[in-house]
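Chemist: just a sequence and a predicted model for now, questions to come.
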Amino acid sequence: MKNFQNTGVRNLLPEGGEAFYFGKILEEKEADDFFKQLYDKVEWTQDEVIIFGKRIVTKRETAWYGATDFDYTYSKITRKARLWLPELVSLRDLVKDITGYEFNSCLLNLYHSGEEGMSWHSDAEAELGKDPVIASLSLGAERKFVLKNKISKEKVSVVLEPGSLLLMQGETQKNWLHSLPKTKKVHEPRINLTFREIKKIRK
Ligand SMILES: O=C(O)CCC(=O)C(=O)O
Ligand SMILES: [Fe+2]
């Protein structure tokens, strides 16, 4: 596991995991350009989720990309990942230069406004293996991201700026949940990319 403390990047979590906020790793213009390219080029799809037995189509849109067309299951539906776009390769490589980690897949989320968010969860799918490393890059609107300890319920929040990077590693997914709260204050869209390493690729 990599340590970033000596680079001046602080672990936001007091215990039980590591969440390093690197701040902006892209200049404003670059972040804007990536936002526009991805907004247009990514094959966004709305997810269907079953809540209280009812099939509901989420407003938030998602997409999976990666090195191969592996199968992934998301809210109980299995789909095939799409192959890397050039923009995603550039961002993946940038994240690798900064963190030292290699990733073979990326989940993208498009939140059209503050009315869309993501509820409490941890990224602990079996495909990711034990103690996954997840690099989260944000574009577009600034949004608050909150981590909550599963036992003590202690909360830690951070504002994810456009062009910024957050890295979760160690036992973060085991001990902490995270969410992107809805907010009435944000009217602009946001794209989030979470780079992940799928350990067992199913095709
Ligand atoms: O949009 C975000 O910042 C969080 C996304 C997230 O938690 C996920 O995709 O698992
Ligand atoms: Fe997540």
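Modeler: On my side now, so go ahead. Ligands and ions are numbered 1, 2, ... in the order given.
Chemist: distance of the closest residue to ligand 1 within the chain relative to residue 49?
Modeler: Using C-beta to the nearest ligand atom, the closest approach of the chain to ligand 1 is made by residue 192 at 3.3 Å. Heads up, the C-betas are built off the backbone N, CA and C, glycines and all. In this structure, residue 192 lies at 18 Å from residue 49, with C-beta to C-beta, to the nearest Å as the measure.
Chemist: up against ligand 1, what does this structure have?
Modeler: For the chain, the contact set with ligand 1 under C-beta under 6 Å from any ligand atom comprises 107, 109, 118, 123, 136, 145, 160, 178, 180, 192, 194.
Chemist: from the residues you listed, which land in strands?
Modeler: Filtering the residues of the chain next to ligand 1 for membership in strands, criterion DSSP state E, returns 107, 109, 118, 136, 145, 160, 178, 180, 192, 194.
Chemist: so if I had to pick from residue 192 and residue 49, which one is more boxed in?
Modeler: Under the criterion of other C-beta atoms under 10 Å, the comparison of residue 192 against residue 49 puts residue 192 first, with 22 against 14.
Chemist: and the longest strand along the chain, C-alpha only, in CSV?
Modeler: Using DSSP E, we find that the single longest strand of the chain is strand 54-66. Coordinates of each C-alpha in strand 54-66 appear next as CSV, following Å, rounded to 0.1, in the frame of the first residue of the first chain:
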residue,chain,number,x,y,z
LYS,A,54,-40.7,-1.5,-7.8
ARG,A,55,-38.5,-1.0,-10.9
ILE,A,56,-37.3,2.6,-10.8
VAL,A,57,-35.1,4.3,-13.5
THR,A,58,-32.5,6.5,-11.9
LYS,A,59,-31.9,10.0,-13.2
ARG,A,60,-28.2,9.6,-12.6
GLU,A,61,-26.5,8.1,-15.6
THR,A,62,-23.5,5.7,-15.5
ALA,A,63,-21.1,3.9,-17.8
TRP,A,64,-18.3,1.3,-17.4
TYR,A,65,-15.1,1.4,-19.5
GLY,A,66,-12.0,-0.8,-19.3
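Chemist: now the very next helix or strand once past it: average pLDDT?
Modeler: Scanning forward in sequence from strand 54-66, with DSSP states H and E defining helices and strands, the next element found is strand 71-74. Mean pLDDT, strand 71-74: 76.
Chemist: swap in stretch 190-200?
Modeler: Summarised as a single mean, pLDDT over stretch 190-200 is 92.
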